[in-house]
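Novice: Kindly generate the corresponding structure for this input.
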Amino acid sequence: MSRWLFIGWLVFAVCVARAGEFPDSWTWNDSPGAIAPRVLEGKPMPPLKLSGWLNGKVTADEMKGKVVMFDIYTTWCVTCVSDIPHNNVLFAKYKDKGLVMIGVCTSDQGLEEMSNFVRGHKLKYPTALDPKLMAIKDWKAAMFPTYALIDRKGIVRVISLKPEYLETVIQKLLAEGT
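Specialist: Purely as a prediction, here's the structure:
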C-alpha cells in the first residue's frame with residue numbers, strides 16, 4: 001500500500017471514528033425523526049441553500065475554521081421557541097471565541113412570517129429562511145428543533161443533539177483549536 005493511500009485511509013478512519021463520539025443519551029435517539037440525520041455524523045456538512053437572512057448573513061468563508069451550530073427550527077414549534085433564550089445566551093457567550101450560530105427557519109410560509117417570528121421572539125443570532133425546505137432534505141431533519149454541531153474542519157460531529165448538551169459540545173469543539 002502506498003504511503004498516500006495509507007494516509008488517506010487513516011484520515012477517513014479518524015472521521016468515521018468521531019461519528020457517534022457523543023453518548024446516545026445526548027441525542028434524540030428515541031425518535032425515528034432524530035435517528036435519520038445521524039448518518040451525517042463524521043461527514044462534511046451539507047451545503048447551505050438559504051435566503052432572506054436576518055441578524056446578519058453567514059457565508060461559507062465566514063464558517064471556515066469556526067465551530068458552527070445550526071438550529072433548524074419551524075415557526076410553529078413550541079420547543080423551538082422555548083430554546084431561543086438559551087441559544088441567545090450561548091451565542092453571546094461564544095461568538096467571540098470561534099462559534100458561528102445559524103438559525104435555519106424551515107418554513108414554506110415565507111420571509112414575512114420568519115421575520116415576525118425572529119423579531120417577536122428576539123433571536124439574536126443570524127437566521128435564514130429555507131424556502132424550498134432543502135434543509136429538511138439535506139440535513140434529514142424530521143423533528144424540530146434539530147441541532148447540529150460542525151467542527152472547525154467542516155465535519156458534522158453531532159446532530160439531533162438535546163439542548164442541555166449544546167454548551168458541553170460547543171466547549172469541546174472550541175477547545176480543539178484549528
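Novice: what bridges to the one residue sitting closest to the centre of the chain?
Specialist: Nearest to the mean C-alpha position of the chain, counting by CA atoms, centre = their mean, stands Phe70 at 2.4 Å. When bridges are called by DSSP bridges, Phe70 pairs up with Ile102, Ala148.
Novice: Now do the contacts for it.
Specialist: Contact partners of Phe70, counting by CB atoms under 8 Å, 6 or more residues apart in numbering, are 102, 104, 139, 146-150. Every residue, glycine included, has its C-beta placed from N, CA and C.
Novice: go with 10 Å
Specialist: Neighbouring residues of Phe70 by CB atoms under 10 Å, 6 or more residues apart in numbering: 45-46, 48, 100-104, 135, 139, 141, 145-150, 156, 159.
Novice: so where do the strands sit in this protein?
Specialist: Along the chain, the segments classed as strands by DSSP state E run 51-54, 67-73, 99-105, 127-129, 146-150, 156-159.
Novice: Turn the ones you listed into JSON lines, including distance to Leu111 and mean pLDDT.
Specialist: What follows is the strands of the chain, written out as JSON lines (distance: least, CB to CB, whole Å; pLDDT from 0 to 100):
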{"stretch": "strand 51-54", "distance to Leu111": "4", "mean pLDDT": "93"}
{"stretch": "strand 67-73", "distance to Leu111": "15", "mean pLDDT": "96"}
{"stretch": "strand 99-105", "distance to Leu111": "9", "mean pLDDT": "97"}
{"stretch": "strand 127-129", "distance to Leu111": "5", "mean pLDDT": "94"}
{"stretch": "strand 146-150", "distance to Leu111": "21", "mean pLDDT": "94"}
{"stretch": "strand 156-159", "distance to Leu111": "26", "mean pLDDT": "94"}
